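>>> what shape does this take:
(2 chains)
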Amino acid sequence: MNRRFWVRVGFWAMTVSSVLLFVGSAILLHWEVEALRVIPMQPDLTSLFGEEVKGYTPLGSRQGYIVLDPQAFFREGDMVLLNQTYLQVHGIYPLQGRTVRLVRNFSLGLVLLMVLIHEVLFKPGRAKNRRAEQHLT
Amino acid sequence: MKKLLITSLLALALPAALATPMTFSVATDSEKSNVATVESEADLENFTGLTHQITGNLRFDPQAKTGSGTLVVNGASLQTGVALRDEHMRSKDWLNFDGQPNITFQISKVQWVKADQYRVSGTLTLNGVTKVLTTEAKVKFTPRNEVTQMIGLKGDALAVTTQFKLKLSDFKVSHPAIQAGRVNNEVTVSVKFLASNE
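The predicted structure is shown next:
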């Protein structure tokens, strides 16, 4: 096995990984839900904090979350809320849409780079080999 | 007639004269109600550090609607859900909670705005640096009742919620990731807690 073979193996392994990463992250984004992560509060506590304060404590601002367990979400009016207590109990880390989107874009960039490398480095070599083979025959 | 007028005036003035500031301690047993969060925006992910460890004493006069006090959030106990990130956050390179674990808000002035809204002024100490801070807070006083007793408070309840933004560079937090713009220099701090005067 020569060095060229291993370069090709590395190249295809990288390309396949990038494609899988791109497809995987693109699929995951279908589960993205715009929600506010909250800690639910006892109704009695809500009355002490005043009527304007809802029955939960928000954790950070509203954003896109990817949690495959639908029971982690609940609704209050128009708002979709992500239950932090449920996440903690079930040991779920909420993926953020922006993280997965970044991975998707990065892997797409890698795929394009691999195509470019293939076109620039491997294709001319293959064409050269083909011409040499034709010349010999 | 004169006597009646004086008596009426005294009757009106007496409750105000008798009203004295009460000292409230943060109810450390109410873990679920006491929450402090620090939210930071980064390229890869927005992360929120969460802790229930809030302590302190507040003097508040429900009649005069004035107050003062000290509030301490244990920054070293902030958790973001990723242990390694918590470790980084506590390190000297970031918020230095390993060296200076507390975020301290020394409240010197409380001004009533409207309803339960107050303007709170004081100094905030983070990473050993003290800066003047003025923020809005919702302060709700509830005299001892069935609800306060049910949740384990022995006296009257004071429920406080506030949120403010901080610039990390103001507190000598200057990690290269902040300088490169990968992590926002501004963080949002939210504090919510219950206090009781007994």
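>>> the helices in chain A, which residues?
For chain A, the helices defined by DSSP state H cover A:3-28, A:43-49, A:84-89, A:97-117, A:123-136.
>>> who in chain A is up against chain B?
Residues of chain A lying near chain B by Cβ under 8 Å from any Cβ of the partner chain: A:37, A:39, A:41-42, A:44-45, A:47-50, A:52-53, A:57-61, A:63, A:84, A:93-94, A:96, A:98-99, A:102. Every residue, glycine included, has its C-beta placed from N, CA and C.
>>> and the helices of chain A, which is most packed in?
Mean neighbour count (mean count of other Cβ atoms under 10 Å in any protein chain shown) peaks for helix A:43-49 among the helices of chain A, with a mean of 18.
>>> quick one: low-confidence ranges for the chain?
Chain wasn't specified; assuming chain A. Chain A contains residues with pLDDT under 70 at A:1, A:51-53, A:125-127, A:136-137.
>>> that's the other chain; I wanted chain B
Residues of chain B that meet the criterion pLDDT under 70 lie in B:1-19, B:29-32.
>>> residue numbers of it in contact with chain A?
B:30, B:32-33, B:35, B:37, B:39, B:43-48, B:50, B:81-82, B:116, B:138, B:140, B:142, B:147-148, B:150-151, B:157, B:159, B:161, B:188, B:190, B:192, B:194.
>>> need the helices of chain A in a markdown table with distance to residue A:74, can you?
A markdown table is the format used below for the helices of chain A (distance: least, Cβ to Cβ, whole Å):
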| stretch | distance to residue A:74 |
| --- | --- |
| helix A:3-28 | 22 |
| helix A:43-49 | 15 |
| helix A:84-89 | 9 |
| helix A:97-117 | 19 |
| helix A:123-136 | 54 |
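>>> may I have the beta-bridge partners of the nearest residue to residue B:170 once chain neighbours are set aside?
Nearest residue to residue B:170, sequence neighbours excluded (Cβ to Cβ, 6 or more residues apart in numbering or on different chains): residue B:131, at 5.6 Å. Counting by DSSP bridges, residue B:131 forms beta bridges with residue B:124.
>>> I'd guessed residue B:131 sits against residue B:122; true?
No: under the criterion of Cβ atoms under 8 Å, residue B:131 is not in contact with residue B:122, lying 10.1 Å apart.
>>> just the element for residue B:23, please.
Using DSSP states H and E, residue B:23 falls within strand B:22-26.
>>> helices or strands up against that strand?
strand B:54-61, strand B:183-196 (3 or more Cβ pairs under 8 Å, 6 or more residues apart in numbering or on different chains; DSSP states H and E).
>>> can I get the longest one as CSV, trimmed to CA atoms?
Going back to what we said before, that points to strand B:183-196. The C-alpha coordinates for strand B:183-196 follow below in CSV (Å, rounded to 0.1, in the frame of the first residue of the first chain):
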residue,chain,number,x,y,z
VAL,B,183,-17.9,35.6,23.5
ASN,B,184,-20.0,38.7,24.1
ASN,B,185,-18.5,41.2,26.6
GLU,B,186,-21.9,41.9,28.0
VAL,B,187,-23.7,39.4,30.3
THR,B,188,-27.2,39.5,31.6
VAL,B,189,-27.6,38.9,35.3
SER,B,190,-31.0,38.0,36.8
VAL,B,191,-31.7,37.6,40.5
LYS,B,192,-35.0,36.4,42.1
PHE,B,193,-35.4,35.6,45.7
LEU,B,194,-37.6,35.5,48.8
ALA,B,195,-36.7,37.1,52.1
SER,B,196,-38.4,37.0,55.5
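>>> got the angle for that strand vs strand B:22-26?
Angle, strand B:183-196 to strand B:22-26, by axes from the mean of the first three to the mean of the last three Cα atoms, to 10 degrees: 120 degrees.
>>> circling back: show me the contact partners of the strand holding residue B:23.
The contact list for strand B:22-26 (Cβ atoms under 8 Å, 6 or more residues apart in numbering or on different chains) reads B:34, B:54-62, B:69, B:71, B:156, B:158, B:193-197.
>>> by proximity to chain B, which residue of chain A wins?
residue A:60 (3.8 Å; Cβ to the nearest Cβ).
>>> which one is that residue nearest to, not counting chain neighbours?
Closest to residue A:60 by Cβ to Cβ, 6+ apart is residue B:48, at 3.8 Å.
>>> hang on, the one you found in a helix?
No: in this structure, residue B:48 is strand, not part of a helix, as judged by DSSP: H, G, I helix; E, B strand; the rest coil.
>>> beta partners of it?
residue B:39.
>>> can you count the residues close to the closest residue to chain A within chain B?
Proximity of chain B to chain A (Cβ to the nearest Cβ) peaks at residue B:48, 3.8 Å away. The local packing of residue B:48 (other Cβ atoms under 10 Å in any protein chain shown) involves 21 other residues.
>>> ok, the one 10 residues further on next?
Per other Cβ under 10 Å, the neighbour tally for residue B:58 reads 23.
>>> re earlier: check contacts around the residue of chain B closest to chain A.
Applying Cβ under 8 Å, 6+ apart to residue B:48 gives the contacts A:37, A:59, A:60, B:37, B:38, B:39, B:40, B:80.
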